[in-house]
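Trainee: got a structure for you, letters missing:
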């Protein structure tokens, strides 16, 4: 029996990177998966792989920055598998541009995908958890939401917003048995970082006490911990940092 046996886990950004690794880890722990992403092809491939292993999996192609699409996503999850026991907000984008060169559209897109989406998914999923008297929300932030990063003002601001949202929502819903926490990974080798310059990546790697970027599989166990009972039972409004030593609170 896995620590998430028969739990319903709704994971956004599930088609690649950290979201995909979390979906894998949850499946290994016995969870039933509702996987969402805007990449329909990669999402279908992931679902086939899990289904072949006997995992109960449902998918939805979703733009997580869209209010009606995210509402429909949560309702689809409820009708297909039941109300989510665990919500993982992992969808996100990453672009690099100095603020003095940044256009408003670039800023707005980042805030929409990396911050607004977290609000929307929580807005529709958390009431189901509150009504049931329990649940776990895990928001994927970034260590740059704590320390900032050159060329990444928009990304750092969005992820700082995720951390603030996490703390405030945790205070609101912990009395109802819903535990809300964040994971703030350091640099991780995923398709998300493909758009970042090699110079930035080399400089960042040189700063890290561990001397290397992480992998998605090294972040996923933290999401298992936060979702599990009793492992995650005392985490409320926390931001856990598998970040290669980049931030040491």
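Mentor: Good, I have the coordinates. Since we're looking at a predicted model, the values are computed, not measured. Numbers count the residues shown, from 1 in each chain.

Trainee: with adjacent residues omitted, what lies nearest to residue 83?
Mentor: Leaving aside its sequence neighbours, residue 83 sits nearest to residue 128 (C-beta to C-beta, 6 or more residues apart in numbering; 3.9 Å). The C-beta positions use only the backbone N, C-alpha and C, and glycine is treated the same way.

Trainee: which SSE is the one you found in?
Mentor: Assigned by DSSP states H and E, residue 128 belongs to helix 117-132.

Trainee: of all the residues in that helix, which ones are buried?
Mentor: 117, 118, 119, 120, 121, 122, 124, 125, 126, 128, 129, 130 (16 or more other C-beta atoms under 10 Å).

Trainee: check contacts around the residue positioned nearest the centre of the chain.
Mentor: The residue lying closest to the centre of the chain (C-alpha atoms, centre = their mean) is residue 90, at 2.2 Å. Residues in contact with residue 90 (C-beta atoms under 8 Å, 6 or more residues apart in numbering) are 11, 12, 13, 14, 17, 18, 19, 22, 140.

Trainee: pretty sure the second one sits against residue 86.
Mentor: No: under the contact definition of C-beta atoms under 8 Å, residue 12 does not touch residue 86, with a separation of 11.8 Å.

Trainee: start to end distance for stretch 232-247?
Mentor: Stretch 232-247 has an end-to-end distance of 22 Å (C-alpha to C-alpha, to the nearest Å).

Trainee: can you check which helix is longest in the chain?
Mentor: As assigned by DSSP state H, the longest helix anywhere in the chain is helix 153-173.

Trainee: so how far is it off the chain centroid?
Mentor: Centre-to-centre, helix 153-173 and its host chain are 12 Å apart (C-alpha atoms, centre = their mean, to the nearest Å).

Trainee: what sits up against the helix or strand following that helix?
Mentor: With elements assigned by DSSP H and E, the helix or strand that comes after helix 153-173 is strand 178-183. By C-beta under 8 Å, 6+ apart, the residues outside strand 178-183 that reach it are 122, 126, 129-130, 134-141, 162-163, 166, 169-170, 173-174, 219, 222-223, 226, 232-233, 235-242.

Trainee: tell me, how many residues neighbour residue 229?
Mentor: By other C-beta atoms under 10 Å, the residues close to residue 229 number 11.

Trainee: how near is it to residue 157?
Mentor: 34 Å (C-beta to C-beta, to the nearest Å).

Trainee: repeat for residue 47
Mentor: 33 Å.

Trainee: ditto for residue 37
Mentor: Distance from residue 37 to residue 157, by C-beta to C-beta: 24 Å.

Trainee: lowest-confidence helix or strand of the protein?
Mentor: helix 198-207 (a mean of 88; mean pLDDT, DSSP states H and E).

Trainee: so of the contacts of residue 90, which ones are in helices?
Mentor: Using DSSP H, the contacts of residue 90 in helices are 17, 18, 19, 22.

Trainee: out of these, who's nearest residue 74?
Mentor: Closest approach to residue 74 among those (C-beta to C-beta): residue 19, at 16.5 Å.

Trainee: picking up where we left off before, more crowded one of residue 37 and residue 157?
Mentor: residue 37 (27 against 18).

Trainee: that concludes my questions; thank you for your assistance.
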